[in-house]
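Q: Let me see the structure of the following:
(one chain, ligands or ions: 2)
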Amino acid sequence: MIKLTLPDGSVREIEAAQSAAEIVKGIGMGLYKSACCIKVNGEVKDLRTVIDSDCSFEVCTFDSIDGKKTFWHTASHILAQAVKRLYPAAKLAIGPAIDNGFYYDFDLEKPFTPEELEKIEAEMKKIVKEGIELEKFELSPADAIAKLKEMDEPYKVELCEEHADKGEPISFYKQGEFIDLCAGPHLMTTAPVKAFKLLSCTGAYWRGSEKNKMLSRVYATAYPKAADLEADLKQREEAKLRDHNKLGRELEYFTTVDVIGQGLPVILPKGARVIQTLQRWVEDVEQKHGYLLTKTPYFAKREFFKISGHWDHYLDGMFVMGDPYDEEKECFALRPMTCPFQYQVFLNRQRSYRDLPMRLGETSTLFRKEDSGEMHGLIRVRQFTISEGHLILRPEQLEEEFADCLALAKEMLGTVGLLEDCTFRFSQWDPSNPKNKYEGTKEQWDYAQEVMGKILDDLGLEYTIGIDEAAFYGPKLDIQYKNVYGKEDTLVTIQIDMLLAQRFGMEYVDVDGTKKTPYIIHRTSLGCYERTLAYLIEKYAGAMPLWLAPEQVRIVPVADRHLDYCNELLEKLDAAGIRATIDDRAEKVGKKVRDARLEKLPVWVTVGDKEVEEGTVSVSSRREGDLGSMSKNDLIGKLLDDVAKKVR
Ligand SMILES: [Zn+2]
Ligand SMILES: [Zn+2]
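A: Ligands and ions are numbered 1, 2, ... in the order given. Reported below is the predicted structural model:
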């Protein structure tokens, strides 16, 4: 007898080994029809899996993330099959599910046109209608490589060769005439993929590296029901209107220049003004929270990063100046983090317990070698500036200081309006990560994660757990945010580090006169300014709140004879620190007001004969509508008040 423990805790027994598909049919045909994959002891597998021992058993439908990914990944095979039918010379690269659909990379002579995408969709419809069964089979590594060579799929050969070292059998999936190297899981047949849409075809380097060939990536999404697809497509249309990568360029917050390089945006005056406003505010608030300001170098010698551990654990992510492996010659690297530089502030003289906690803050520019395929507008970039900081503490100060870091981040995200859409992730290590990613022992990690878990629970924070998302030196609390397309990234992070202080020989003399190693919190408060700007553009569809707006007031004279009066007003606004301009173009008032709206100004005022005579202005606000006429002083008073309150 084999016992299956279901998610509700109930136990289902089967006589002998059986495929998951048969077991799910036994539970109910309705469930079987909507099942996409299963989880056996927490591991995602497909319905072909034979269950032959006691386990926990969960059925995943399209409503779950794992179910969606299996569904989308199967749809990517359908896409590849259709492409191979229509373009037999196309070479297949990879076709994973992503957060909101899937893609497949093809090596083609030229990218698909929209008309070609339509033809491919039509072929996919046929494949779905045929309801082709997917069959799994396995080959030895040598046979698998021979088979893929025979199929003339060079990218698959390369992938297969990497797995071959392990000596384990290589799995393939076959649907009709189409065969793909794949680990799965997949749906049982192509039939459920009823509603899909090929969204775009863009260039993407093989393995995300510009050293490799540029492939053609087809993005797509798929659903079991047409109505769900329609809702998704509608939402994507709406998202486009808020997309910072489009809107941020149109409204001239930033631009990119090919010859400068990918992931290196040029922040234009409007964007720079928003960032400056944020930065001044963050630095002031942090000062009130007891932070000491530092200013440290942007790069350092290889030897420095060897001490910090970055050389061993993060070299791939750094821009290196010089040959990293030629020990004879001097070699530098741009900093990917500020930590080791700020530790030098602590190390500047001998420290005692009285110096702790030492809270160090820096508006810090960092450099990270992101894959070119990962780059996105202002969200994924290679150079960014962050409200970085490190707290050096006695162990008993950890909980209180962590709580203050979290309170500070919440205060800031709340003020700019992003907190309401944030989620929290407790990012932990993965002891089985093979890539030499983590420092320290299992005992040290268990302890650090236990301490952090307790702090989070004591604070009553709701969070998810992210395995293998930790920093190389410790667990993190990541505050996550989604862009308009649903892609999630970290906005703010607070990390506990019990390892790095020792590497730098950081010590303090404790109350009892003994020398001790401090703990460190690595944290940001508003995160990276470029990314925050991107999310603000998306959140407000480009219409920044008054206190952040690069141009806060537009003054619109009805005729040239009102210009002197407008200039007087401009001077007064300037003196009060309000950012204003006069629209003195020879255009009609209606056109000027329309432009102020289109440029998403928070406030605009019109000045005509009546206003000049009365000494007033006629005021309109994006947020509050038409406010009627007001004296100049009342206008300034109101604006200063709203700015001080950081009204959204
Ligand atoms: Zn697959
Ligand atoms: Zn750090």
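Q: Might one say that Ile379 is in contact with Tyr529?
A: No: using Cβ atoms under 8 Å, Ile379 is not in contact with Tyr529; the gap is 12.0 Å. For every residue, glycine as well, the C-beta is placed using N, CA and C.
Q: Now list whatever residues contact both of those two.
A: Counting by Cβ atoms under 8 Å, 6 or more residues apart in numbering, Ile379 and Tyr529 have no contacts in common.
Q: Let me know the pLDDT of Pro434.
A: Per-residue confidence at Pro434 stands at 62 (pLDDT).
Q: thinking Thr294 is in contact with Gln344, fair?
A: No: using Cβ under 8 Å, Thr294 is not in contact with Gln344; the gap is 9.0 Å.
Q: The two: which has the busier surroundings?
A: For Thr294 versus Gln344, neighbours defined as other Cβ atoms under 10 Å are more numerous around Thr294 (18 against 15).
Q: For burial, what's the neighbour tally of the nearest residue to that one once chain neighbours are set aside?
A: Once flanking residues are discounted, Thr294 sits nearest to Glu362: 4.7 Å by Cβ to Cβ, 6 or more residues apart in numbering. The local packing of Glu362 (other Cβ under 10 Å) involves 23 other residues.
Q: do Leu419 as well
A: Neighbour count for Leu419, taken as other Cβ under 10 Å: 17.
Q: ok, it - contacts?
A: Contacts of Leu419 by Cβ under 8 Å, 6+ apart are Lys410, Leu413.
Q: so Thr363 is in which element?
A: strand 358-367 (DSSP states H and E).
Q: okay but Glu370 is in contact with Gly263, surely?
A: Yes: in this structure, Glu370 is within contact of Gly263 by Cβ under 8 Å, at 5.8 Å.
Q: So these two - more neighbours on which side?
A: Per other Cβ under 10 Å, whichever of Glu370 and Gly263 has more neighbours is Gly263, with 22 against 15.
Q: Could you pull out the buried residues of stretch 106-115?
A: Going by neighbour count (16 or more other Cβ atoms under 10 Å), the buried part of stretch 106-115 is Phe106, Asp107, Leu108, Pro111, Phe112.
Q: tell me which residues form a beta bridge with the spatially closest residue to Lys295 that is not a sequence neighbour?
A: Leaving aside its chain neighbours, Lys295 sits nearest to Glu362 (6.6 Å; criterion: Cβ to Cβ, 6+ apart). Beta-bridge pairing for Glu362 (DSSP bridges): Glu388.
Q: Against Trp281, how distant is Glu362?
A: 16 Å (Cβ to Cβ, to the nearest Å).
Q: Same check on Gly373?
A: Applying Cβ to Cβ to Gly373 and Trp281 gives a distance of 34 Å.
Q: List the residues that contact Thr464.
A: Contacts of Thr464 (Cβ under 8 Å, 6+ apart): Thr423, Phe424, Arg425, Phe426.
Q: Same check on Ala580?
A: Glu551, Gln552, Val553, Arg554, Ile555, Leu569, Leu570, Leu573, Asp574.
Q: Name the nearest residue to the second one, sequence neighbours excluded.
A: Closest residue to Gln552 in three dimensions, ignoring its sequence neighbours and counting by Cβ to Cβ, 6+ apart: Arg579, at 4.7 Å.
Q: isn't the one you found right next to Ile555, touching?
A: No: taking Cβ under 8 Å as the definition, Arg579 is not a contact partner of Ile555, at 11.7 Å.
Q: who's Phe332 bridged to?
A: Going by DSSP bridges, Phe332 is paired in beta bridges with Lys301, Met321.
Q: Next, count neighbours for it.
A: Using other Cβ under 10 Å, Phe332 has 18 neighbouring residues.
Q: does it really touch Met321, like I thought?
A: Yes: the criterion here is Cβ under 8 Å, and Phe332 meets it with Met321 at 4.4 Å.
Q: what do these two both touch?
A: With Cβ under 8 Å, 6+ apart as the test, Phe332 and Met321 both reach Phe299.
Q: rewinding a little: show me what contacts the residue nearest to Lys295?
A: With Cβ under 8 Å, 6+ apart, Glu362 has these contacts: Leu293, Thr294, Lys295, Thr296, Thr338, Gln342, Glu388, Gly389.
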